[in-house]
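Colleague: No sequence on hand, only this structure:
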């Protein structure tokens, strides 16, 4: 019996919770298509029309919002739409590829940033990010190049939002849903 206790004492540090450090407070740096992250899909209405949001749960209770205090929302037009104005399967694939390209380029230049998710509204989709204020000029340079070669990008907007108020309702709904 003492042998078993000895083995357990030796193995316990290897399997204890303290060995599995939480990464909830680390920003997302994406180097590949957005997979292996936990997202919540939310349904809501805007102007009486159905909408969807896919929200990255990594930032629920995120403690470092003030470091990434600049919201960056990229609006992408939906050209091939269903009756609700949402993208068809073909259009969704185009959007996902464009989003992946944008995020990969931003990742190369900005380093750390926070990818919050996307929304699908009638006629357009938004890519929702939070970046450091000092990275705005770098982001503008990258996104203006994308906008020149990709007519689907309708707008790029930045806003100071140190408490992430623009996405707080998504996180409140994510907590309730989960």
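Modeller: In hand now; what should we look at? Quick caveat: nothing in here was measured; it's all calculated off a predicted structure.

Colleague: Where does residue 41 fall, secondary structure wise?
Modeller: Using DSSP states H and E, residue 41 falls within strand 39-46.

Colleague: after that strand, next one along is what?
Modeller: Later in the chain than strand 39-46, the nearest helix or strand by DSSP H and E is strand 49-56.

Colleague: now that next one: how far from the chain's centre is it?
Modeller: Distance, stretch centre to chain centre, for strand 49-56: 12 Å (C-alpha atoms, centre = their mean, to the nearest Å).

Colleague: Could you name the helices and strands sitting against the helix or strand that it is followed by?
Modeller: Next helix or strand after strand 49-56 toward the C-terminus (DSSP H and E): strand 70-77. On a contact count with 3 or more C-beta pairs under 8 Å, 6 or more residues apart in numbering; DSSP states H and E, strand 70-77 meets helix 89-110, strand 124-131, helix 136-149, strand 153-160, helix 165-177. For the C-beta atoms, the positions are set from N, CA and C on the backbone; glycine is no exception.

Colleague: Of all the residues in the strand holding residue 41, which ones are buried?
Modeller: Going by neighbour count (16 or more other C-beta atoms under 10 Å), the buried part of strand 39-46 is 39, 40, 42.

Colleague: Show me the beta-bridge partners of the last one.
Modeller: By that I understand residue 42. Taking DSSP bridges as the rule, residue 42 bridges to residue 53.

Colleague: Please convert the helices and strands packed on strand 70-77 to a markdown table, extending it with mean pLDDT and distance to residue 77.
Modeller: Below are the helices and strands packed on strand 70-77 laid out as a markdown table (pLDDT from 0 to 100; distance: least, C-beta to C-beta, whole Å):
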| stretch | mean pLDDT | distance to residue 77 |
| --- | --- | --- |
| helix 89-110 | 94 | 10 |
| strand 124-131 | 96 | 5 |
| helix 136-149 | 95 | 12 |
| strand 153-160 | 97 | 5 |
| helix 165-177 | 93 | 20 |
